[in-house]
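Chemist: Sequence plus the predicted model coming up.
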Amino acid sequence: MCVAALPMIAMVSSLASAAVGAVGAIQQGNAAAASAKYNAAVNENNNVLAQRAAEDARKRGEQEAQEHNRRVSALRGKQTAAMAANGVDLTSGSPLNVTADTAQLGALDVLTIRNNTEREALGYEAQGMNFRAEANLNRMQAKSARQAGMIGAVGSVVSGFGQVADKWYKMGPSSIGKLT
């Protein structure tokens, strides 16, 4: 009688194994999904930081441009004062060209400062877009991981039922009656 129960024990253990495999697959899928969601949140935070860095770069650049304009204005004032103190006519010729050149070069410097600032800001914004794309990919990975866990669970259950059916078939109906 004890030997006759072995096939039934094998079937029950196959069912238990299938159940454990299914639970394990679901937990593995959930863990992978949680990890991907965490990575998505990190990437979203990095995107926010990149956008703030771009904004900061623009503010710093504008402050630097304004400061440069002040320095150029001060330089032009010193040039004008020095030439006037020496009795130079400031309304024509070289003295006028000197102050005009100073103003033009100062304006060119300001444009360069603003251009460099915008390039820096655009670099941060590109980083932010990359972080956002990575976050979207992480969310897709989370969804796929959950689905893979469920598919793995179904696969374990189907495989377990297949093993039980195989054992049932090998045991035969006459053996089942002997167990009772």
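Modeler: Right, received. Where do you want to start?
Chemist: Could you check stretch 55-70 and say which residues are buried?
Modeler: Going by neighbour count (16 or more other CB atoms under 10 Å), the buried part of stretch 55-70 is 57-58, 61, 64-65, 68-69. For every residue, glycine as well, the C-beta is placed using N, CA and C.
Chemist: Same list, the residues you listed, but as CSV with distance to residue 83, secondary structure and pLDDT please.
Modeler: Supplementary listing: the buried residues of stretch 55-70 in CSV, determined by distance: CB to CB, whole Å; DSSP: H, G, I helix; E, B strand; the rest coil; pLDDT from 0 to 100:
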residue, distance to residue 83, secondary structure, pLDDT
57, 39, helix, 98
58, 37, helix, 98
61, 33, helix, 98
64, 29, helix, 98
65, 27, helix, 98
68, 22, helix, 98
69, 21, helix, 97
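Chemist: So which of the residues you listed is the closest to residue 131?
Modeler: Using CB to CB, residue 57 is the member of those that lies nearest residue 131, at 16.5 Å.
Chemist: Quick check: that closest one vs residue 132, distance?
Modeler: Look at residue 57 and residue 132: by CB to CB, to the nearest Å, they are 18 Å apart.
Chemist: and what of residue 50?
Modeler: With the distance defined as CB to CB, residue 50 ends up 9 Å from residue 132.
Chemist: Could you pull out the helices in this protein for me?
Modeler: Assignment of helices within the chain using DSSP state H yields the ranges 2-85, 93-171, 173-179.
Chemist: Give me the number of neighbouring residues for residue 78.
Modeler: Neighbour count of residue 78, defined by other CB atoms under 10 Å: 11.
Chemist: Low-confidence bits of this structure, can you list those?
Modeler: Filtered on pLDDT under 70, the chain yields the residue ranges 1-5, 172-180.
Chemist: Now the residue of the chain most remote from its centre. Its backbone dihedrals?
Modeler: With distances taken as CA atoms, centre = their mean, the residue sitting farthest from the centre of the chain turns out to be residue 87, at 65.4 Å. Comment: the main-chain dihedrals of residue 87 come out as phi 80, psi 20, following degrees, to the nearest 10.
Chemist: how near is it to residue 95?
Modeler: For residue 87, the distance to residue 95 equals 11 Å [CB to CB].
Chemist: quick one: contacts for the nearest residue to residue 106 once chain neighbours are set aside?
Modeler: Take residue 106 and drop its neighbours on the chain: the residue closest to it by CB to CB, 6 or more residues apart in numbering is residue 72, 3.1 Å away. Contact criterion CB atoms under 8 Å, 6 or more residues apart in numbering gives 102-103, 105-107, 109 as the residues in contact with residue 72.
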